[in-house]
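Visitor: could you look at this predicted model? Sequence included:
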Amino acid sequence: MTRTPALLLLGAMGTGKSDTSYHVFSRLYRSGIPTARLDLDDIGMCHPAPPDDPDNFVVKAEAMGAAWRVFASHGARCLVVSGAIDTPELVDLHTSQLPDADWTVVRLRIGTEERRRRVLSRGILLGYTEAEMEPTIAAGDADERVVESRDLTPLVIDTDGLDRTQVADLVLARTGWPKPGEAAAVTA
């Protein structure tokens, strides 16, 4: 039985998880590999959240599992997922939803100056001032320190100074994902 290739991109706020997941998905889909993509931040928007799970991680994990079953029934053979997962237990919670998957977990990382540049460029587009964005930048830096302190995956990719295409290229090159045999098996 062929295991489902599944890629999980995680990291602190502003690292480019969502953009990278979209560009990896797009690259695979255009190359003929039936692929699905989920952003855990989007599928976890369900409120009020329970007091014991204020970030809706259980909702996100269960929704991901349910969505994959639908995607697979409609022909998807690979799954690309992005999300702000910051503990080994949360990695396990999410990956356990697809027990037949061959998971590749990648952490994206950026430095303070790159985060500042990215957050400010987004904020200005939305009409915020630099001063209004400072708390968001500080929160992202604090989140980066937390993620850095945890052993989430040995595969860490620095994205400072890289555009979306370069990051997607680097993720695919460093992971070899999906593996050559998997790509052939899923398109047959």
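Guide: Great, that's in hand.

Visitor: for the residue nearest to the spatial centre of the chain, helix, strand, or coil?
Guide: Centroid-nearest residue in the chain, with Cα atoms, centre = their mean: Ser82, separated by 1.7 Å. State at Ser82, reduced to three classes by DSSP: H, G, I helix; E, B strand; the rest coil: strand.

Visitor: hmm, His23 and it touching each other?
Guide: No. Taking Cβ atoms under 8 Å as the definition, Ser82 is not a contact partner of His23, at 10.8 Å. For every residue, glycine as well, the C-beta is placed using N, CA and C.

Visitor: and the strands in this protein?
Guide: Assigned by DSSP state E, the chain shows strands spanning 4-11, 35-39, 78-83, 101-109, 156-158.

Visitor: burial measure for Pro135, as a count.
Guide: 9 (other Cβ atoms under 10 Å).

Visitor: tell me how far it lies from Val119.
Guide: 10 Å (Cβ to Cβ, to the nearest Å).

Visitor: try Ala84
Guide: According to Cβ to Cβ, Ala84 and Val119 sit 14 Å apart.

Visitor: repeat that for Thr136.
Guide: Using Cβ to Cβ, we find Thr136 at a distance of 6 Å from Val119.

Visitor: more crowded one of those two?
Guide: Shown here are Thr136 and Val119; by other Cβ under 10 Å, Val119 has more neighbours (22 against 18).

Visitor: tell me the contacts of that one?
Guide: Contact analysis of Val119 by Cβ atoms under 8 Å, 6 or more residues apart in numbering lists Gly14, Met133, Thr136, Ile137, Gly140.
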